[in-house]
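A.B. asks: This is a predicted model, with the sequence first.
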Amino acid sequence: MPLRPIDAIFVHPKQRLYVVYYRGELWQLPRMKIDERSWKNRRPYTDDSSSLYLSIHQAISDPILAQKLRTLDLPVAVRSSTLPRFEAWWEAHGFRWLKDRLLTGESPLAAHQTTTPAAKVLNDQSDPLTDCQTNGHTDENGEVNEEQVSTPSADTDIFADMLAELTDEVLEQKL
């Protein structure tokens, strides 16, 4: 059992279908498209798992499904490996690789490789108190009057939330 359950996308080259490794279980998608509709129609994968290869594209473009399947931007050396080889790598090196990425400030999430860089996401999560804007009015004492305070937008980056949860999970894990 891996230290942290991982989500990964595998391809069956002969049957031309996606198989999702979701928290240690294999799920077959009904078509060669990874979206919420396909995920709802998934079924357990029961065929030979040694014929599955790790997809080189782990990013999920559907934002709803990306919240459920937190795939990682895995190292190039692991991509296209078979399922048993991938599981062996994850057991031996996965936790250290993930922790190193988080400690250097890089996002390990595959969703960030196509959307926003990790640095931008981390900068977007600044303290709301520093984002406050005043209207510039001063009262009789010469102090700035904070009548209008801008609130952070309700549209938060779901991937930033996912990264924060993942960081907490990895860095707080006891060995």
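C.D. replies: Nice, I can see it. Since this is a predicted model, take the numbers as computed values, not measurements. Numbers count the residues shown, from 1 in each chain.
A.B. asks: Extract the residue ranges of this structure that are flagged as low pLDDT.
C.D. replies: Across the chain, the ranges flagged by pLDDT under 70 are 1-4, 111-159, 162, 169-175.
A.B. asks: try 80 this time
C.D. replies: Low-confidence segments of the chain (pLDDT under 80): 1-5, 31, 107-175.
A.B. asks: which residues of it fall in strands?
C.D. replies: 7-12, 17-22, 25-28, 43-44, 53-54 (DSSP state E).
A.B. asks: buried ones in the third one?
C.D. replies: Read that as strand 25-28. Across strand 25-28, burial judged by 16 or more other CB atoms under 10 Å covers 26-28. No exception for glycine: its C-beta is placed from N, CA and C like everyone else's.
A.B. asks: so what strands line up beside that strand?
C.D. replies: strand 17-22 (antiparallel), strand 43-44 (antiparallel) (DSSP bridges).
A.B. asks: Looking at the ones you listed, which is nearest to residue 161?
C.D. replies: strand 17-22 (19.3 Å; CB to CB).
A.B. asks: Just the angle for that closest one relative to strand 7-12, thanks.
C.D. replies: 150 degrees (axes from the mean of the first three to the mean of the last three CA atoms, to 10 degrees).
A.B. asks: which outside residues touch strand 17-22?
C.D. replies: For strand 17-22, contacts defined as CB atoms under 8 Å, 6 or more residues apart in numbering pick out 6-12, 26-32, 34, 38-39, 42, 45, 52, 55, 69, 83, 86.
A.B. asks: 7 Å instead?
C.D. replies: 6-12, 26-29, 32, 34, 45, 52, 69 (CB atoms under 7 Å, 6 or more residues apart in numbering).
A.B. asks: Residue 97 is nearest to which of the strands paired with strand 25-28?
C.D. replies: Nearest of the strands paired with strand 25-28 to residue 97, taken as CB to CB: strand 17-22 at 16.5 Å.
A.B. asks: The residue nearest to residue 167 when sequence neighbours are not counted: neighbouring residues, count only.
C.D. replies: Closest residue to residue 167 apart from its sequence neighbours, by CB to CB, 6 or more residues apart in numbering: residue 102 at 5.1 Å. When neighbours are defined as other CB atoms under 10 Å, residue 102 has 19 of them.
A.B. asks: got it, and residue 107?
C.D. replies: Close neighbours of residue 107, defined as other CB under 10 Å, add up to 26.
A.B. asks: Also residue 60?
C.D. replies: 25.
A.B. asks: Check the one 10 residues further on too.
C.D. replies: For residue 70, the neighbour count with other CB under 10 Å is 20.
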